[in-house]
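1. just need the structure, nothing else, for what follows:
(one chain, ligands or ions: 2)
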Amino acid sequence: ELAPNGYLRPDGAPVTVIAHRGASSAAPENTLVAQEVARRAGADWIENDVQPSRDGVPFVLHDGTVDRTTDGAGAIRSLTAAQLKALDAGSWFAPHYTGVRLPTLAEQLADLRTRGGNLLLEIKGAHSRDEVAKIVEVIRAEQMTGRVFIQSFEVDALKHTYALAPELPLGLLRGSLDADPVAIAKELHLTAYNPTGAALIAKPEVVDGLHKAGVAVMAWTIDSAAQWRQLEQIGVDGIITNRPAELAGWNAAF
Ligand code: G3P
Ligand code: CA
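-> Ligands and ions are numbered 1, 2, ... in the order given. Sure thing, here's the model as predicted:
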């Protein structure tokens, strides 16, 4: 049996507000400015994505290439940290964000440690054991072990994380529900099971089953108040949203 965990939402408590890629509807995603906007909006956690540069430095970036969210081009894994740092990661979003840089994971964690906030860190794409070890090393060096929750679609990345750092809570991202979510939660030592909001709304009894096994549930990526309400009623513990200000305000109002 899994022990009940501290991420389960007590009865009547508001859902945890998790800002998807930072406040990504208001600022360039996965940057420190998006993180600051999310913090000021009242987000409990920031969600972001981590991948390594060519020289092995974990950077915060969603896509496999820098093409969409910077003024550069190419796969992140083909560019060095110095090359990534030279890119503009703000002007694609709006001219007044020109000069915003891609953050390293270390910079993002330092910002959270000094200014506040917790991180739902998605290990994006397949990672070797050594690449996961580098992420763990950065989290430990920044003394953020107690404020980082790891999630991934990649089962192997979660297994590497558990082997290297069993103290880090783990969530499995899913696009659709497993036949037996509790079984996979036990197998992977999950603290949370994180499917789409739509999948949960279609099969809400899954949440009770996971809760009885001591597993929290976080739903992604939900931006409508009607669905926030449904997910709260189903009992999910956290909601990942592009609109953290509105969800935090909605939480306060209801
Ligand atoms: O946190 C869940 C969500 O971020 C997964 O999708 O593509 O935005 O990383 P994606
Ligand atoms: Ca993500």
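
2. what is the mean pLDDT for stretch 171-180?
-> For stretch 171-180, mean pLDDT is 98.

3. can that stretch be said to contact ligand 2?
-> No. If you take CB under 5 Å from the ion as the test, stretch 171-180 misses ligand 2, and the best it gets is 7.6 Å. C-beta here means a position set from N, CA and C on the backbone, and glycine is covered the same way.

4. pull the residues that contact that stretch.
-> 120, 122, 149-153, 155, 158, 184-185, 188, 190-196, 199-200, 203, 206, 216, 218, 220 (CB atoms under 8 Å, 6 or more residues apart in numbering).

5. give me the buried positions along it.
-> For stretch 171-180, burial by neighbour count (16 or more other CB atoms under 10 Å) applies to Gly171, Leu172, Leu173, Arg174.

6. can I get that stretch in CSV? Just the C-alpha atoms.
-> Only the C-alpha atoms of stretch 171-180 are listed here, as CSV (Å, rounded to 0.1, in the frame of the first residue of the first chain):
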residue,chain,number,x,y,z
GLY,A,171,4.0,12.1,-11.3
LEU,A,172,3.2,10.2,-14.5
LEU,A,173,1.8,12.3,-17.3
ARG,A,174,-0.8,10.5,-19.5
GLY,A,175,-2.8,11.5,-22.5
SER,A,176,-5.4,8.8,-21.8
LEU,A,177,-6.1,6.7,-18.7
ASP,A,178,-4.4,3.4,-18.0
ALA,A,179,-6.6,0.3,-17.5
ASP,A,180,-5.4,0.2,-13.9
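
7. from the chain's centroid, how far away is that stretch?
-> 16 Å (CA atoms, centre = their mean, to the nearest Å).

8. then stretch 210-221?
-> Relative to its chain's centre, stretch 210-221 lies at 15 Å (CA atoms, centre = their mean).

9. so which bits of it are buried?
-> Going by 16+ other CB under 10 Å, stretch 210-221 has these buried residues: Leu210, His211, Ala213, Gly214, Val215, Ala216, Val217, Met218, Ala219, Trp220, Thr221.

10. pretty sure the third one sits against Ile184.
-> Think Ala213. No. Using CB atoms under 8 Å, Ala213 is not in contact with Ile184; the gap is 10.9 Å.

11. Throw the buried residues of stretch 210-221 into CSV and include secondary structure, pLDDT and distance to Gln230, thanks.
-> Formatted as CSV, the buried residues of stretch 210-221 follow (DSSP: H, G, I helix; E, B strand; the rest coil; pLDDT from 0 to 100; distance: CB to CB, whole Å):
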residue, secondary structure, pLDDT, distance to Gln230
Leu210, helix, 98, 17
His211, helix, 97, 17
Ala213, coil, 96, 22
Gly214, coil, 96, 24
Val215, coil, 97, 20
Ala216, strand, 98, 18
Val217, strand, 98, 13
Met218, strand, 98, 15
Ala219, strand, 98, 10
Trp220, strand, 98, 14
Thr221, coil, 98, 15
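
12. I'd like these as a markdown table, with distance to ligand 2 appended.
-> Shown next, in a markdown table, are the buried residues of stretch 210-221 (distance: CB to the ion, whole Å):
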| residue | distance to ligand 2 |
| --- | --- |
| Leu210 | 21 |
| His211 | 24 |
| Ala213 | 25 |
| Gly214 | 25 |
| Val215 | 20 |
| Ala216 | 17 |
| Val217 | 17 |
| Met218 | 11 |
| Ala219 | 13 |
| Trp220 | 8 |
| Thr221 | 8 |
